[in-house]
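S.K.: Here is a sequence with its predicted model. Questions after.
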Amino acid sequence: MKNIFITGGSGFLGKFLIKELSKKNKVYAPTSRQINLLNYKDLNKIKKKYDYIFHLAAWTQAGDFCLRFPGDQWLINQKINTNILNWWKLKNPKAKMVFIGTSCSYPENLKLTEENYMKGEPNEGLYTYAMTKRMLLQGARALEKQYKMKWLCLVPSTLYGPYYHKDGRQMHFIFDLIKKILLGYYKNKKVILWGNGYQKREIIHVKDFVNFTLKIYKKINNEIINIGAGKEFTIREFAAKISKIVSFKFEKINFDKKKYTGTKSKKLEIKKINKLIPTYKKDQIKIEKGLRETINWFKNQLDLID
């Protein structure tokens, strides 16, 4: 049984990860009220030694959040990451740190393969957040180089599944689609999606991401690993799949081409993870099953997300 420290444990991914890791480990996942990651003194109060540090925390939201708050995103995330790296080095140098990257860090003009993570320019609308994630990776690499510390960077495609946040923050596209189509069906609200609908996206079930993480986090050191579905769909295709499950008429959906759309494609290259886990593709939850599960959860939240 190992001692594991987790930041961002109250988030969407964190809740699923804590549940699984707690089955065979002692997990400490303090809330922001218990440990303020912006205040190094809070981290410095932690005396226990850990075998693994899972760093999931980041100050961000979906949609156009990165466009509206680039300065705050840079200052807050850089401070959080620097504090965590410093605490890791000073207090838990023998621990291995597993942290989350972002597909936003990849440049738009190159394949989304791990060796391209630090190359080129990220999408302008996501630039600040993408660069804070690159700096986190560079920080881990620097500590590895000087102090022989161990780390693992996992880069997911968009995560989906039940139990997403419902506190009013902007949602990732797949949840926004589900919410709008459900409200269109049950409350006869007009369904307006951002962009022309031809931008492509890839999603992976949060349970799959956690399952694959558990299979590799102990044995792979000092590498970046993409964890994606291996297949992408247009926003229109996702909307059509959701509409079919909900029994909503796809023809009723409107597309606002003036709204922010992000990158044209975000399909991760998954050759590395396929080699590490031979049954990787077969083990994934089928998209129709995963969407149905997520939609059924959202149906019970309509009074909260309206």
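M.R.: Structure's in. What do you need?

S.K.: then stretch 133-142 to PDB, C-alphas only?
M.R.: Extracted as PDB, the C-alpha positions of stretch 133-142 are listed here (Å, rounded to 0.1, in the frame of the first residue of the first chain):
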ATOM      1  CA  LYS A 133       1.200  23.100 -19.300                       C
ATOM      2  CA  ARG A 134       4.400  23.100 -21.300                       C
ATOM      3  CA  MET A 135       6.200  24.900 -18.600                       C
ATOM      4  CA  LEU A 136       5.000  22.300 -16.100                       C
ATOM      5  CA  LEU A 137       6.600  19.600 -18.200                       C
ATOM      6  CA  GLN A 138       9.800  21.600 -18.600                       C
ATOM      7  CA  GLY A 139       9.900  22.000 -14.800                       C
ATOM      8  CA  ALA A 140       9.600  18.300 -14.300                       C
ATOM      9  CA  ARG A 141      12.300  17.700 -16.900                       C
ATOM     10  CA  ALA A 142      14.700  20.200 -15.300                       C
END
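
S.K.: Residues in contact with that stretch: which ones?
M.R.: Contact with stretch 133-142 is made by 55, 58, 78, 81-82, 85, 97, 99, 101-102, 104-105, 117-118, 149, 151, 153, 222, 224, as judged by Cβ atoms under 8 Å, 6 or more residues apart in numbering. For every residue, glycine as well, the C-beta is placed using N, CA and C.

S.K.: Report the buried residues of it.
M.R.: 133, 134, 135, 136, 137, 139, 140, 141 (16 or more other Cβ atoms under 10 Å).

S.K.: now that stretch: how far from the chain's centre is it?
M.R.: How far stretch 133-142 lies from its chain's middle: 17 Å, per Cα atoms, centre = their mean, to the nearest Å.

S.K.: same thing with stretch 236-254?
M.R.: Distance, stretch centre to chain centre, for stretch 236-254: 25 Å (Cα atoms, centre = their mean).
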